[in-house]
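Novice: Got a sequence here, can you model it:
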Amino acid sequence: METTTRPSGPVEERWAPAGSAGLVHWRGRWLLDVPGRGGARGVALGDPAVWRLLGALARRPGRTPGELRLLAQEAGVPAHAVAGCLTSLERAGLLRREAPDDPPPRDAPALHDWALANLAPPADYRNPALVDDDIALMTSYADGDPPPPALPDLSEHAPRVHLPHPVADPGGHPLRVLGGVLYLSHAVIDDAAIGPLPRSRRVPPSHGAAHPFDLSVGCRWADGSTTVHAYDPDAHALAGLADGDRPDVAGPVRRLAAAAALRPGDAVIAVHLAIRRVQWRYRTGAAYPTVFLDLGHLLEALRGAAEWHGAAVNDVPVPARGPLGGGEAGAAGPVLAARVLRTAVDEGS
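Specialist: Below is the predicted model:
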């Protein structure tokens, strides 16, 4: 092994993941992508211990040879196979000697924590060790970047209209249909926090329990008035928005209500994107397709709940939108979809 020498004496070499190498899973195969070598080639790393070793090294690069050998054993590599394992990883381009004056570039994918998304097989959260590693990783994120809440940012002082439960409450409530549809498509059933990350369990499935959407509702009443509400999924209630409150919510909902030509008794439900719940947790572009998968789950649950209540549901075209990311903290995200529930509220209520 090589060492570097300075006037003060020899400096022990350190090891890190190769800055330009990344692993991707494509069509059932693991590919080692090394741009400096002009392409990708197949690799076979079936032993979970190797994945644990690479994941631990990606979280904290710059290990000494002694630390690297100990890390390999802690990951589950048998003691007699440690030397051969590390040599194989070096030859594959996944490990390299790190010269003190020549660190990998800051944008090297393997130096980012979110590169673990490309350095791990499908996660099995029945494994307590994997859960502990995941929580440790998220705790490291939270030290400098607090995670976003799992719920919409609503004023505690906004008046709440509590909605009926679709099964537990007796029938005849004037908001029975609207309450049942919102409960079965988006209400919080239980807390599902993961370490420092707020999460919730709801009826539709969601990748990583992110549920990256907030709902707002516009109701058309018998007197011809239209009111706008934000849905509070934790309290299963509508939070009223007075004129001038939350234009980021009220504006889009009123425009959708006008476009849908709501009749008395109708309600329009707008689905706002809460992208930070995905961005904070999954720091790789590979996570974004799951947002649209979750959107499909939500809309299908909404449609099924409406049919169960005997209510017609119609699609409402949403206007063109800009980039899905960014936005001000606490502001509602862009509307990705909207649905009208016919006869969702009792006209006499």
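Novice: show me the contacts for residue 291.
Specialist: 212, 273, 275, 278 (Cβ atoms under 8 Å, 6 or more residues apart in numbering). In short, each C-beta sits where N, CA and C put it, glycine included.
Novice: let's see it at 6 Å
Specialist: 212, 278 (Cβ atoms under 6 Å, 6 or more residues apart in numbering).
Novice: Wait, a strand at it?
Specialist: No - applying DSSP: H, G, I helix; E, B strand; the rest coil, one finds residue 291 to be helix, outside a strand.
Novice: quick one: it from residue 273, how far?
Specialist: 7 Å (Cβ to Cβ, to the nearest Å).
Novice: what do you get for residue 139?
Specialist: Counting by Cβ to Cβ, the gap from residue 139 to residue 273 is 26 Å.
Novice: Show me where the stretch 151-300 of the chain has its strands.
Specialist: Assigned by DSSP state E, counting those that start in this stretch, the stretch 151-300 of the chain shows strands spanning 160-162, 188-191, 200-202, 213-220, 226-232, 237-240, 267-273.
Novice: so which of these gets nearest residue 319?
Specialist: strand 267-273 (11.4 Å; Cβ to Cβ).
Novice: can you tell me how far the residue positioned nearest the centre of the chain sits from residue 153?
Specialist: Centroid check for the chain by Cα atoms, centre = their mean gives residue 278 as the closest residue, at 2.5 Å. For residue 278, the distance to residue 153 (Cβ to Cβ) stands at 17 Å.
Novice: on contacts alone, who are the packing partners of the host helix or strand of residue 68?
Specialist: Assigned by DSSP states H and E, residue 68 belongs to helix 65-75. For helix 65-75, the packing partners by 3 or more Cβ pairs under 6 Å, 6 or more residues apart in numbering; DSSP states H and E come out as helix 48-59, helix 82-91.
Novice: now it against helix 82-91, angle please.
Specialist: Counting by axes from the mean of the first three to the mean of the last three Cα atoms, to 10 degrees, helix 65-75 lies at 110 degrees to helix 82-91.
Novice: to the chain's geometric centre, what's the distance from helix 65-75?
Specialist: 32 Å (Cα atoms, centre = their mean, to the nearest Å).
Novice: ok, now stretch 54-69?
Specialist: Worked out by Cα atoms, centre = their mean, stretch 54-69 lies 28 Å from the chain centre.
Novice: Start and end of it, how far apart?
Specialist: 12 Å (Cα to Cα, to the nearest Å).
Novice: What of stretch 209-218?
Specialist: Note: stretch 209-218 ends 27 Å apart using Cα to Cα.
Novice: residues making contact with it?
Specialist: The contact list for stretch 209-218 (Cβ under 6 Å, 6+ apart) reads 152, 186, 192, 199, 202, 226, 228-231, 249, 253, 257, 267-272, 274, 277-278, 291.
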